[in-house]
Structure formats: structure tokens, C-alpha cells
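*Asks:* sequence first, then the predicted structure, then my questions.
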Amino acid sequence: MPLKIDLHVHTCYSYDSVITPKELVVYAKKRGLDAVAVTDHDTIKGALKLSKHGGLLVISGIEVSSQYGHVLALNVNERIPSGLDLHATIQEIHEADGIAIAAHSTALHRGELRKHIIGNFDAVEVINASSIPFHFSTYANRKIAEKLNLPQTGGSDAHYAPEIGMAYTLVDADLEEEEIATAIKNGKVKPCGRAIPLLMRLKREALNFKKLGRF
């Protein structure tokens, strides 16, 4: 059977997430996930913190802030510099033996980003449970992936533990990080999932405001 993997999850090492390492493991197992990619904003700390946790495969990742949008770097064990252009960002990821996925990629419709997109990504995130409006974003992301002839992935973009697994990727691979990365690049994947419910989003935002000390 294919593996069920959420390829886009944040922990409390991201400034805008409240998910603790313990909560991540608990909810991943609760959702029946085989693995989770920890993709904190511009830091590898969360992924490294969780990499030794037994009972759940944690894929080391980062959501890298490039000049023209966010890139999911998976299967990396070192920080990827932020603020570079897309080509340089993807090159850094590949040199670190990782794979580069265009995150919440409806942003690729923007003119400046579109000029930098062709040819280098390994996959496109088609289903992102946090995207608004969800159905339009999914449709537009799929069109981008089809136009570029790239594999399609899914992830929750979770910042609050109950959101984990709301979207995920079915991956035809053995439960090993390198095998999963190869399967993604070879298109042996299927994105699945649904939008995060409104009340869950509101709860997330309330907790984030509290974390940031805004009330």
C-alpha cells in the first residue's frame, strides 16, 4: 500500500506555529500518517529535533523564503539560505541532496515569479489545506503542475496540531527518506485532502496571537 505522508508541517520553531514536537507525533499517528515532513520557515531546527523520535518517520525539511515565493526543501539536513532568487534557491537545495517543491503555488501566477519557474522544481504542491479559496487554489495549482509536467503533492501546511494530515500525499515507496524523495521526483505520488475548517483556522490564529504576545 502507498505511504500516507503530510509533506508540509510547521512546528513551534516557526514563528507562526504552535505545534510542539510531542503534539506533532501524537496527531500524525492519530491521523494514520506513515511519515511527516517538518518544514519550518527558514530553519532546520524543528526537523532535527524530531528526527530521532521513534515510531514515526520524520522527513527533514525547510520552507525556504526565496525572493519570488516559498520553496519546500525536503530531505535536507542543513539550512538553505533565504532571500535568494528561485534558481539559486533550488540549486542550493539540490546541492544539499534535497528535492525542491513549489509551495502553495498559486503564487506562481504572479508575473515576476512565472519568469523564474520553468525547469528546476522537482514537484508542485497542488493540495494545500491552508490555502484560501481552497478549491480554486487546488484547481490553479493542478494546472500549473500539468503545464510544467511536474509531480503533484499535498500537505496540510499545519501550524496548529489538529490541522496535521488534513492534506497529504500518497507515495508509492518504502518507508525510507531517500526512497520517498526518489518516488516524489519520479511522480509516484497522489495529492489528497481537504480544506482546514474555519473554526480550526480561528483557533490557530488565536493561539498564534497569544504566542506573539498580541493579547
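*Replies:* Good, I have the coordinates. Residues are numbered from 1 along each chain as shown.
*Asks:* after the helix or strand bottoming out on mean pLDDT in the chain, next one along is what?
*Replies:* Using mean pLDDT, DSSP states H and E, helix 111-114 stands out as the lowest-scoring helix or strand of the chain, at a mean of 52. The element immediately downstream of helix 111-114 (helix or strand, assigned by DSSP states H and E) is strand 123-128.
*Asks:* name the helices or strands packed onto that following strand?
*Replies:* strand 3-9, strand 99-102, helix 134-148, strand 152-155, strand 189-193 (3 or more C-beta pairs under 8 Å, 6 or more residues apart in numbering; DSSP states H and E). No exception for glycine: its C-beta is placed from N, CA and C like everyone else's.
*Asks:* let's have these in TSV, adding distance to Arg201.
*Replies:* As requested, the helices and strands packed on strand 123-128 are exported to TSV (distance: least, C-beta to C-beta, whole Å):
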stretch	distance to Arg201
strand 3-9	16
strand 99-102	23
helix 134-148	11
strand 152-155	16
strand 189-193	15
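*Asks:* out of those, nearest to Leu207?
*Replies:* Using C-beta to C-beta as the measure, strand 3-9 is the one of those that comes nearest Leu207, at 15.7 Å.
*Asks:* next, the angle strand 189-193 makes with that closest one.
*Replies:* 70 degrees (axes from the mean of the first three to the mean of the last three C-alpha atoms, to 10 degrees).
*Asks:* export the helices and strands packed on strand 123-128 to a markdown table and append columns for mean pLDDT, distance to Ile164 and mean neighbour count.
*Replies:* Below are the helices and strands packed on strand 123-128 laid out as a markdown table (pLDDT from 0 to 100; distance: least, C-beta to C-beta, whole Å; neighbours: other C-beta atoms under 10 Å):
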| stretch | mean pLDDT | distance to Ile164 | mean neighbour count |
| --- | --- | --- | --- |
| strand 3-9 | 98 | 6 | 27 |
| strand 99-102 | 96 | 18 | 27 |
| helix 134-148 | 91 | 17 | 17 |
| strand 152-155 | 98 | 10 | 28 |
| strand 189-193 | 98 | 11 | 20 |
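*Asks:* out of these, nearest to Asp16?
*Replies:* Nearest of the helices and strands packed on strand 123-128 to Asp16, taken as C-beta to C-beta: strand 3-9 at 12.8 Å.
*Asks:* now do the buried residues in stretch 45-55.
*Replies:* Within stretch 45-55, the residues that count as buried by 16 or more other C-beta atoms under 10 Å are 46-47, 49-50.
*Asks:* span of that stretch from start to end?
*Replies:* Terminal residues of stretch 45-55 are spaced 20 Å apart (C-alpha to C-alpha, to the nearest Å).
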